[in-house]
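>>> no FASTA, just this:
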């Protein structure tokens with residue numbers, strides 16, 4: 001019996017390797033801590049659509065560094081501000097303040113810089129403002145199922 005010839009069979013592993021090989025990735029974009037400021041607790045970021053961002057600002061007792069582009073506003077928060085919280089949609093939580101890959105290498109503009117040396121927006125007031133504006137119950141007030 002002779003071997004059957006034909007095109008090589010591609011496995012899922014082969015397809016994944018081919019796709020990864022085609023992607024050219026530069027260094028990830030990270031929101032910077034402005035000069036003269038320190039981030040002793042590390043930095044993460046919370047992004048919301050720009051229209052929602054404009055509604056959040058007046059609801060916060062303190063506003064840290066806020067970055068914005070045409071579509072999103074980004075708040076710097078201390079690292080691990082997502083611990084035990086589910087940020088309400090459409091908010092996106094970015095560990096390490098690393099922006100999602102959008103195919104651009106342009107950082108959003110810094111539109112607010114607080115007085116002092118800490119770049120953070122307090123995460124709980126930000127979380128509560130976003131919950132209120134999106135009609136989402138905060139995680140600790142939701143019913144627990146057995």
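That came in fine, so what should we check first? The model shown is predicted, which means the values in this text are computed figures rather than measured ones.
>>> please, which helix or strand holds residue 52?
Element membership for residue 52 (DSSP states H and E) is helix 50-56.
>>> give me the contact list for that helix.
The contact list for helix 50-56, computed with CB atoms under 8 Å, 6 or more residues apart in numbering, reads 48, 66, 68-73, 90, 126, 129-130, 133-134. Where you see a C-beta, it was placed from the backbone N, CA and C, and this is true even at glycine.
>>> mind running it again at 7 Å?
By CB atoms under 7 Å, 6 or more residues apart in numbering, the surrounding residues in contact with helix 50-56 are 48, 68, 70-73, 129-130, 133.
>>> relative to residue 50, how far out is residue 57?
11 Å (CB to CB, to the nearest Å).
>>> show me what the residue nearest in space to the middle of the chain bridges to in the sheet.
Nearest to the mean C-alpha position of the chain, by CA atoms, centre = their mean, lies residue 94 at 2.7 Å. For residue 94, the beta-bridge partners are residue 45 (DSSP bridges).
>>> give me the neighbour count for residue 72.
21 (other CB atoms under 10 Å).
>>> coming back round to it: the residue nearest to the centre of the chain reaches residue 43, doesn't it?
No: applying CB atoms under 7 Å, one finds residue 94 not in contact with residue 43, separated by 9.4 Å.
>>> hey, where'd the strands end up in the protein?
Using DSSP state E, the strands of the chain run over 43-49, 66-68, 72-78, 92-94, 109-112.
>>> would you list those in TSV and tack on mean pLDDT and distance to residue 86?
As requested, the strands of the chain are exported to TSV (pLDDT from 0 to 100; distance: least, CB to CB, whole Å):
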stretch	mean pLDDT	distance to residue 86
strand 43-49	97	12
strand 66-68	97	22
strand 72-78	97	15
strand 92-94	96	9
strand 109-112	97	26
